[in-house]
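Participant: The sequence and its predicted three-dimensional model are supplied below.
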Amino acid sequence: MPELWRSLQDSWLTTWPTTRELAASLLLAFVLATPVAWCYIKTHRGMSYSRVFAQSLVLLALIVALVMQAIGDSLARAFGLFGALALIRFRTPIKDVRDATWLFLAVGVGITTGIGNTALAVVGTGLALLVALYLDQIGFGSRQSHDGVLRLWLPADRERESRLREVLGHYCRSFALLQLREGRADGEFEFAWQLRLHDADAVPALVTDVRAIPGAQDVSVLVQDEHQEI
């Protein structure tokens with residue numbers, strides 16, 4: 001029995017990380033997870049930003065590194081720890097799919113630092129952050145166009161409609177008539193045009209030119225910017 005206990009102690013001492021190794025692993029996880037959180041803050045777009053989420057990225061990397069240190073090379077400890085963690089239920093919904101990628105990156109930082117693979121942790125994290133900043137800088141995935149709807153009252157006249165089409169052709173990549181409804185007076189109709197604008201900033205000039213058409217009334221343009229999250 002004493003021999004068995006001694007062998008278990010020797011095995012525990014050889015597999016369990018030293019205090020220096022544990023401190024170095026946690027410190028590296030913190031150093032790498034902090035720019036991950038900063039990059040999340042800088043590149044986030046929309047209204048779902050959460051300060052708590054940014055802080056959780058740093059804490060998650062530390063926790064995963066700590067768990068990996070506790071597991072070590074022991075398969076039994078791995079099943080035990082992950083079985084215990086499976087009892088925890090996370091009920092906070094992730095509103096943005098991109099937020100999940102930052103969670104995976106934080107977990108990756110924790111795993112690589114926890115197993116002591118410093119080169120993989122530093123190079124992998126640095127490359128992932130550079131790619132994230134690059135994609136944000138160039139606006140990758142954005143559609144450089146704006147959709148809008150033009151509404152106005154205009155007498156049904158070929159000359160006026162031709163003039164309106166000329167104005168729309170100047171400001172729009174494409175346009176199509178959505179609705180034509182008989183209006184308030186004889187020969188007056190309400191037009192609704194779907195627009196694909198060259199530039200959303202030119203909407204005031206578009207409205208001015210349309211209002212300059214004789215008989216045009218109640219001119220309004222509703223623009224939907226596809227870059228904005230609602």
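Facilitator: Nice, thanks for sending it over. Numbering: from 1, shown residues only.

Participant: Can you tell me the element the residue nearest to Tyr49 when sequence neighbours are not counted falls in?
Facilitator: What sits nearest to Tyr49 in space, not counting adjacent residues and going by CB to CB, 6 or more residues apart in numbering, is Ile41, at 7.7 Å. For every residue, glycine as well, the C-beta is placed using N, CA and C. Ile41 is part of helix 19-43 when elements are defined by DSSP states H and E.

Participant: elements contacting that helix?
Facilitator: Other helices and strands packing on helix 19-43, by 3 or more CB pairs under 8 Å, 6 or more residues apart in numbering; DSSP states H and E, are helix 51-71, helix 97-114, helix 118-138.

Participant: The residue nearest to Tyr49 against Ala54, yeah?
Facilitator: Yes: the pair Ile41 and Ala54 passes the contact test of CB atoms under 8 Å, sitting 5.5 Å apart.

Participant: what about those two, which has more around it?
Facilitator: Between Ile41 and Ala54, Ala54 has the larger neighbour count (other CB atoms under 10 Å), namely 17 against 13.

Participant: before we move on, the earlier item: where does the residue nearest to Tyr49 land on pLDDT?
Facilitator: pLDDT recorded at Ile41 is 91.

Participant: which secondary element of the protein has the worst mean pLDDT?
Facilitator: When the helices and strands of the chain are scored by mean pLDDT, DSSP states H and E, helix 2-15 comes last with a mean of 48.

Participant: Nearest the geometric middle of the chain, what residue?
Facilitator: Arg98 (4.3 Å; CA atoms, centre = their mean).

Participant: State the distance from it to Tyr49.
Facilitator: According to CB to CB, to the nearest Å, Arg98 and Tyr49 sit 11 Å apart.

Participant: And Pro35, by the same measure?
Facilitator: 17 Å.

Participant: Quick check: pLDDT value at Pro155.
Facilitator: 84.

Participant: Report the contact partners of it.
Facilitator: Pro155 makes contact with 187-189, 215, according to CB atoms under 8 Å, 6 or more residues apart in numbering.

Participant: Farthest pair within the residues you listed?
Facilitator: Of all pairs drawn from the contacts of Pro155, the greatest distance, 10.5 Å, lies between Phe189 and Gly215 (CB to CB).

Participant: overlap in contacts of the two?
Facilitator: Shared contacts of Phe189 and Gly215, defined by CB under 8 Å, 6+ apart, are found at 154-155.

Participant: ok, these two, which is more surrounded?
Facilitator: Phe189 (18 against 13).

Participant: For the more buried one, name its beta-bridge partners.
Facilitator: For Phe189, the beta-bridge partners under DSSP bridges are Leu154, Glu182.

Participant: Let me know the pLDDT of it.
Facilitator: 83.

Participant: now Leu60
Facilitator: 90.

Participant: okay, now the closest residue to it other than its chain neighbours: neighbour count?
Facilitator: Excluding its sequence neighbours, the residue lying closest to Leu60 (CB to CB, 6+ apart) is Ala106, at 4.5 Å. When neighbours are counted by other CB under 10 Å, Ala106 registers 26.

Participant: Next: the one 4 residues further on.
Facilitator: Look at Gly110: counted by other CB under 10 Å, it has 27 neighbours.

Participant: List just the nearest of the contacts of Pro155 to Gln69.
Facilitator: Closest to Gln69, out of all of the contacts of Pro155 and judged by CB to CB, is Phe189, at 74.5 Å.

Participant: For the closest one, list the residues it contacts.
Facilitator: Neighbour list for Phe189: 153-156, 180-183 [criterion: CB under 8 Å, 6+ apart].
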